[in-house]
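*Asks:* After the sequence you'll find the predicted model.
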Amino acid sequence: MAPTLYDEKPEPGDLIEIFRGNYQHWALYVGEGFVVHLAPAKVPDAGPNHMMSVLCDKAKVKKEEIWDVVGHDQWSVNNLLDKKYQVRPIHQILKDAQAYVDRELPFSVFNGNCEHFATELRYGKAESRQVRQAVETVGMAAMVGFGVLAVAGVAAAIFGGGSKKKNKEEY
């Protein structure tokens, strides 16, 4: 069940993580029920929460009511890098967030997504945990895949080493 207005009490400058199923959308709470977030351009026949939106190369910074952005999805306050980086002064975070509103920015899943945008505002460092995790997962899968191929190659060399060519005398 998605949190209600009374479950979470974000403070201005908090990062809001919105669970969209296969990925998380990130926004920055700016107070009075509003968030600022980087929203990829809409793809025809796909809703704003659709995975196809990540294929866009441009995104717009929007200031919207938190409930319009969250919809029916679960969300939480997640200031994930507070132990790693110093939080910038709240007044500066809010000033910078407001300055971005209605601007179009380049969008890239790998180095310019909504999580990069939100963490850049809060910490002055653009990071995306979900991109890092995806790269690690793909890297691990590739290592496992190469390992399976290597084992198969060794097995073929050991067990399949005999020649398939038959001598005429065997017929």
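*Replies:* Great, that's in hand.

*Asks:* what about the strands in the chain?
*Replies:* All strands of the chain, identified by DSSP state E, fall at 15-19, 24-31, 34-40, 58-65, 74-77, 104-106.

*Asks:* looking at the ones you listed, which is closest to I93?
*Replies:* Ranking the strands of the chain by proximity to I93 (Cβ to Cβ) places strand 24-31 first, at 7.1 Å. From N, CA and C alone the C-beta is placed, and that goes for glycine too.

*Asks:* Which elements pack onto the closest one?
*Replies:* On a contact count with 3 or more Cβ pairs under 8 Å, 6 or more residues apart in numbering; DSSP states H and E, strand 24-31 meets strand 15-19, strand 34-40, helix 66-70, helix 90-100, helix 114-123.

*Asks:* change it to 7 Å
*Replies:* Strand 24-31 is packed against strand 15-19, strand 34-40, helix 90-100, helix 114-123, with contacts defined by 3 or more Cβ pairs under 7 Å, 6 or more residues apart in numbering; DSSP states H and E.

*Asks:* would you turn these into a markdown table with mean neighbour count?
*Replies:* Rendered in a markdown table, the data for the helices and strands packed on strand 24-31 read as follows (neighbours: other Cβ atoms under 10 Å):
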| stretch | mean neighbour count |
| --- | --- |
| strand 15-19 | 21 |
| strand 34-40 | 23 |
| helix 90-100 | 16 |
| helix 114-123 | 23 |
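
*Asks:* Kindly state which of these is positioned closest to H25.
*Replies:* Among the helices and strands packed on strand 24-31, strand 15-19 comes nearest to H25, with 4.3 Å by Cβ to Cβ.

*Asks:* Give me the sheet partners of the closest one and which way each runs.
*Replies:* strand 24-31 (antiparallel), strand 74-77 (antiparallel) (DSSP bridges).

*Asks:* Dump the last one to CSV, restricted to CA.
*Replies:* Only the C-alpha atoms of strand 74-77 are listed here, as CSV (Å, rounded to 0.1, in the frame of the first residue of the first chain):
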residue,chain,number,x,y,z
GLN,A,74,5.0,3.6,-3.0
TRP,A,75,7.6,6.2,-2.0
SER,A,76,9.9,7.1,0.8
VAL,A,77,12.3,9.8,1.9
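
*Asks:* With adjacent residues omitted, what lies nearest to E17?
*Replies:* N78 (4.1 Å; Cβ to Cβ, 6 or more residues apart in numbering).

*Asks:* Thought L15 was touching the one you found, still the case?
*Replies:* Yes - counting by Cβ atoms under 7 Å, L15 is a contact partner of N78 at 5.6 Å.
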